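> Predicted model follows, preceded by the sequence.
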There are 2 protein chains.
Amino acid sequence: MSSKRGQISQAPTPQNTPSSVSGSYLNSKTVPTIPSTIKEDDDDAAAKKMLLSNPALMSLIEGKLNTLVGEPSNYIESLPQQVKNRIYGLKSLQTKQFELEAEFQIELLELEKKFHAKYQPIFEKRKKIIEGKQEPTEEEIEKGKELMEDEEDEDDEEKIVEVGDDEEEDDEDGEKKKAEDKDVAGIPGFWLTALENLGPVADLISARDAEVLTHLTNIKMEYLDTPGFKLIFEFEENKFFSQKQLVKTYYYQKELGYSGDFIYDHAEGCDIKWSSNDDNVTIQVEKRKQRNKHTKQVRTIEKLTPIDSFFNFFAPPVPPKDDDEEEEEDEEEEDDLEQRLQLDYELGELIKDKLITRAVDWFTGDALQYEFEQGEEELDLDDDSDDEDDEDDDDYDDGDDDDEGADGAPKKELPAECKQQ
Amino acid sequence: MSSKRGQISQAPTPQNTPSSVSGSYLNSKTVPTIPSTIKEDDDDAAAKKMLLSNPALMSLIEGKLNTLVGEPSNYIESLPQQVKNRIYGLKSLQTKQFELEAEFQIELLELEKKFHAKYQPIFEKRKKIIEGKQEPTEEEIEKGKELMEDEEDEDDEEKIVEVGDDEEEDDEDGEKKKAEDKDVAGIPGFWLTALENLGPVADLISARDAEVLTHLTNIKMEYLDTPGFKLIFEFEENKFFSQKQLVKTYYYQKELGYSGDFIYDHAEGCDIKWSSNDDNVTIQVEKRKQRNKHTKQVRTIEKLTPIDSFFNFFAPPVPPKDDDEEEEEDEEEEDDLEQRLQLDYELGELIKDKLITRAVDWFTGDALQYEFEQGEEELDLDDDSDDEDDEDDDDYDDGDDDDEGADGAPKKELPAECKQQ
C-alpha cells in the first residue's frame, strides 16, 4: 500500500500564514470527517419547495448524498459525458499546479538554508557562552535583563517581582557564595534543563540519562544535500561513551505529499560507543551468581534488559517497507510502529524548530508559557461551528412586540446587512 | 492583556518540513503540558546514589522541580550572578534571531506571491472550464481520465471499477439523455459541491444557502499590500443579491508571533445587498397578521430572526480590543468569541490553502480521502510516548537463561548498540 507511509507524516502546506488554524483542522480528532449532509430546518418549507422545483440543484444534492454513503465515483459517473470531460480537464490542469508547488518547495528550502546560514553566528556565540568560552558584553547583559524583567511583568501582573532588590540582598549576605561562583564556567546543565522543559522529550529522560546529558554542550541542525536534515548533539569528554557527537538524520521523500509538503521517509541514528554495560543507560544490568550443579563453581552472569531512555532517540524505528506482502502483519503492531514513527518525527521537529531556535527560553521555562497557553486556547475547538445552533429553534413570544423596531426587526444581532468593521 | 489576541492564532513556524508533526504537538489537547518530573525507577538505586553524590546535578533537578510548582523565576534567581548574566546574554542574543526570522517571513511572503502569480493562468483556465467558456483539449481529457482511474484503483483495490464499460452502456441506453447534455454549460454547481465536501464549511451551508451558492462561479485569493489576503467569491447574476463579488479580507498583525509566524489581526467582510428580506438567507422572515384592538384594522408585520448561514462568513466576529477595561467582560462570552474567531480564521485558511488549490478534488470528493485518512492517523497521538513504559517493570524469569545469548544479553530488541539502518 503505497500511501501507507505517507499517512504517517502527511502535512499541511507550510504557507506563509498563521498555520495553527489549518493545522488544528487537520490534526484534531473530530474534523476532518465525512461532512454531515446539508442542514434542513424543518420550518424551512419554502426552501424545500424551491429545492424540489429545481431538479438541477436536487440532483446535485442527491449526488452529494451518494458520495456520503461511500461511493464518490457514482456521482461523477452519473454526470453527462461532456461535464465528465471537463472534470477530467480540471484534473489534468491540477497536475500543473503540483509541478509548480514542487518548484515552490525547492525554492522555500533554499530560502531556509540561506537563513539558516544567517542564524549560525548567533548559535555559535550562544555555544561559546554556554561552554564558558566567551562572556556576554555589559550591554548584552543589560538588554537581556530588561527583556526578562519585561516578560515577568507581563506574565504575572499581580505579583510584584523586585529583581533589583533581590540582587542587593544577594550582594550582602551572599559574599561567600559569590566567591565560589567565580569557578562556574558557562551555564552548567544548560541543554539538559532545556530538554527537560520540552514536554515530549522530557518524558524520555530518565535519571541516568540526565547525568549523561549534563555533558551535552550543544545541539545544532544541518540541512542535507538531499531534502532532510540532521540533528547533531555535541558532548564534552565524558565517562559514558567515546564519541564527541551523536547524530540523528531525518530524510524526506523525493515526492511531495498531497498538500504540497515534504513527507518524512525515514530517520537514521548512530551507534553509541558506550564505555561499558554499566555506562550504557539504554540497558539495565542485573548481575547474578550462578553455581554449576556439577563443578560447584560460581560464575557471575549479567542479564541485560533494554530500558526506556532518551538515548533510544539514536535508534529510531524503521518504517515498514512498501511491499504488499507486509499486509499480513499484525495490525496492532503496525499501529504501534506508526505511533513510534510519528513520535520520532515529532521529537525531531521539536528539537529542530522549537528547541534550537529558542534554547534560552526552554532553559528558563519561558517558552513553556507561550506553547502552553496556545495549547489551552485550542481546546474544544471543534464544536464551535454549532455553538449558535441552539438559537435556531427558539420560540419567540408572538404577542410581544416590545423588543422589536418599528419595521418589526429585532433591535440587535441582526446580521442581515453585513457589519463592516 | 496584550497577549490575548495573539493566543487565538499563534502558529508554529511554517518551515519547510513536514509540519503535521510539530503541529500535532502544539494543537493537541494533552501536550504541551508542564512536563512531568524526571522519571525515577525505584530499582534505579545506583542512579540515585550517583545523583546524590553530584550536587550540581541535584540542584539542577531541584531547580527544575521549582519551575514545576509555578515559579520559574526562582530557579533563575537562585543561580550565581555570573551564570545569570550569561543567561541575560543569551536572551539578548535571541532578539537577533527574532529579527532575522522577521526578514525570513518577509522573503517567504514574497516567494509565495511570486508563485501565486505563476498559479494564476491555471486558475483562470479552470474558471473558464467551470463556466463553460472554454473546453479542455482531448489530451487534457485523456490525461485527467487516466489520473482519476489510477486514483480509483489505488483507493479500492478490491473493487473492480470498469469505467470503460460503464461508458459504453451510457452510450447505448443514454441516447436521449446525451442529446440533452449538449445544453449543459461548464460544470454546474462546481463550487457548491466543492464547498459541501469541505467539512467545517459544509457545516454552515443551509438548504437556502445552497441555492444561492449554485450561482457561485469562482473563488480566488489575492494577497494584500500589507500582510494578509482576501478571498473573492464571484457570482453570476442572480436574484438574491446585486453584487458580482463578495469579499472577505484577512489581516495579519505587524509583529510576528513567538514562533516567528504571522498572527491574525482581524478579518473584514462585506455588506451583502440582498434583493429583499425573503432573499436574505441569513434571516428568517415570519409574517404575522396583527389586528389593532381599537381600529380593528389588520396589518401584516414581518419578524426577522438571524439564522445560521454560510453567508454570515461575510460578517466575521470582531476581536476584543486590547484594553484592560475589557477584563470585566463575561469569561464565557470571551471564550465563545475566541472560538468564533478561531473558526473564522480556520475557514479562511481552508478556503485559501485547501479549496482553491485543489478545487477539483473537493468537487469529486477525492481530497476528502487524503485529508480524512490523515485525520484518522493522528488519533491517539499523544500517549504514544508512554507505550513502552509498561515493559519497564517487567519481572524477568531469573532461572531461565534460554532466551539469552552467551554473554547474557537478550537475543533481540536490544537497542544498546544503535541499529544503523
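Done, it's in.

> Run through the neighbouring helices and strands of the helix or strand containing A:Gln82.
Taking DSSP states H and E as the definition, A:Gln82 sits inside helix A:81-131. When contacts are defined as 3 or more CB pairs under 8 Å, 6 or more residues apart in numbering or on different chains; DSSP states H and E, helix A:81-131 sits against helix A:72-77, strand A:216-223, helix B:81-131, helix B:138-155, helix B:175-181, helix B:359-364. Placement of C-beta: from N, CA and C, glycine included.

> Could you tell me the least trusted of these?
If you rank these by mean pLDDT, helix B:175-181 sits at the bottom with a mean of 48.

> List the buried residues for the helix or strand following that one?
The C-terminal neighbour of helix B:175-181 among helices and strands, as given by DSSP H and E, is helix B:190-196. Buried residues in helix B:190-196, counting neighbours by 16 or more other CB atoms under 10 Å in any protein chain shown, are found at B:190-196.

> And for stretch A:301-310?
A:303-310.

> Look up the pLDDT of A:Lys273 for me, please.
For A:Lys273, the predicted pLDDT is 97.

> Roughly how far does A:Asn218 sit from B:Asp361?
45 Å (CB to CB, to the nearest Å).

> Same drill for these two, tell me which one is more crowded.
Neighbours per residue, other CB atoms under 10 Å in any protein chain shown: of A:Asn218 and B:Asp361, the larger number sits with B:Asp361, 24 against 21.

> I figured the more buried one hits B:Leu355, correct?
No. With contact defined as CB atoms under 8 Å, B:Asp361 does not reach B:Leu355; the gap is 9.5 Å.

> remind me which residues of the stretch 151-300 of chain A are low pLDDT?
Residue ranges of the stretch 151-300 of chain A with pLDDT under 70: A:154-182.

> all strands for the stretch 151-300 of chain A, in order.
Applying DSSP state E, counting those that start in this stretch to the stretch 151-300 of chain A gives strands spanning A:216-223, A:228-235, A:245-252, A:264-268, A:283-291, A:298-306.

> What are the boundaries of the helices in the stretch 251-400 of chain A?
Under the criterion DSSP state H, counting those that start in this stretch, the stretch 251-400 of chain A contains helices at A:331-349, A:359-364, A:366-377.

> Tabulate those (a markdown table), appending distance to B:Ala102.
Listed next are these as a markdown table, based on distance: least, CB to CB, whole Å:
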| stretch | distance to B:Ala102 |
| --- | --- |
| helix A:331-349 | 22 |
| helix A:359-364 | 17 |
| helix A:366-377 | 17 |
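
> Could you identify which of those is most buried?
Ranked by mean neighbour count under mean count of other CB atoms under 10 Å in any protein chain shown, these are led by helix A:359-364, which reaches a mean of 25.

> From the contact counts, what lies against it?
helix A:190-196, helix A:366-377, helix B:72-77, helix B:81-131.

> right, and these - which one's nearest B:Val184?
Proximity to B:Val184 (CB to CB) singles out helix B:81-131 among the helices and strands packed on helix A:359-364, at 12.0 Å.

> Hmm, A:Ile283 is touching A:Ile307, no?
Yes. In this structure A:Ile283 lies within contact range of A:Ile307 using CB under 8 Å: 6.3 Å.

> Include distance to A:Gln81 when you put the strands of the stretch 151-300 of chain A into a markdown table, please.
Listed next are those as a markdown table, based on distance: least, CB to CB, whole Å:
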| stretch | distance to A:Gln81 |
| --- | --- |
| strand A:216-223 | 49 |
| strand A:228-235 | 46 |
| strand A:245-252 | 41 |
| strand A:264-268 | 41 |
| strand A:283-291 | 67 |
| strand A:298-306 | 62 |
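
> between the ones you listed, which one is nearest to B:Glu371?
Nearest to B:Glu371, of all the strands of the stretch 151-300 of chain A, is strand A:264-268, at 18.2 Å by CB to CB.

> What is the closest one packed up against?
Applying 3+ CB pairs under 8 Å, 6+ apart, one finds that strand A:264-268 contacts helix A:4-9, strand A:245-252, helix A:331-349.

> for these, which one sits closest to A:Pro121?
Nearest to A:Pro121 among those is strand A:245-252 (20.6 Å), distances taken as CB to CB.

> For that closest one, enumerate the helices and strands it packs against.
Other elements packing on strand A:245-252 under the criterion 3+ CB pairs under 8 Å, 6+ apart are strand A:228-235, strand A:264-268, helix A:331-349.

> Direction included, what does that strand pair up with?
When sheet partners are counted by DSSP bridges, strand A:245-252 sits next to strand A:228-235 (antiparallel), strand A:264-268 (antiparallel).

> could you dump it to PDB, C-alpha only?
Extracted as PDB, the C-alpha positions of strand A:245-252 are listed here (Å, rounded to 0.1, in the frame of the first residue of the first chain):
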ATOM      1  CA  GLN A 245      28.900  13.800  18.600                       C
ATOM      2  CA  LEU A 246      25.700  11.800  18.400                       C
ATOM      3  CA  VAL A 247      23.800  12.400  15.200                       C
ATOM      4  CA  LYS A 248      20.200  11.800  14.200                       C
ATOM      5  CA  THR A 249      19.400  12.200  10.500                       C
ATOM      6  CA  TYR A 250      15.900  12.700   9.000                       C
ATOM      7  CA  TYR A 251      15.300  12.100   5.300                       C
ATOM      8  CA  TYR A 252      12.300  13.400   3.400                       C
END
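
> quick one: buried residues of it?
Neighbour-count burial for strand A:245-252 flags A:246, A:248-252 (criterion: 16+ other CB under 10 Å).

> One more: stretch A:134-144?
Under the neighbour-count criterion of 16+ other CB under 10 Å, stretch A:134-144 has A:134, A:136, A:140-141, A:143-144 buried.

> can you check stretch A:112-125 too?
For stretch A:112-125, burial by neighbour count (16+ other CB under 10 Å) applies to A:112, A:115-116, A:119, A:122-123, A:125.

> Tell me which two of those sit farthest apart.
Longest span within those, CB to CB: A:Glu112 and A:Lys125, 20.9 Å.

> In this structure A:Asn148 contacts A:Thr364, no?
Check again: residue A:148 is Met, not Asn. Yes. Here A:Met148 lies in contact with A:Thr364, judged by CB under 8 Å, at a distance of 7.4 Å.

> okay, and the common contacts of the two?
Jointly contacting A:Met148 and A:Thr364 under the rule CB atoms under 8 Å, 6 or more residues apart in numbering or on different chains are B:76, B:87, B:91.

> picking that back up, ok, which of the buried residues of stretch A:134-144 also contact chain B?
Counting by CB under 8 Å from any CB of the partner chain, A:136, A:140-141, A:143-144 from the buried residues of stretch A:134-144 sit close to chain B.
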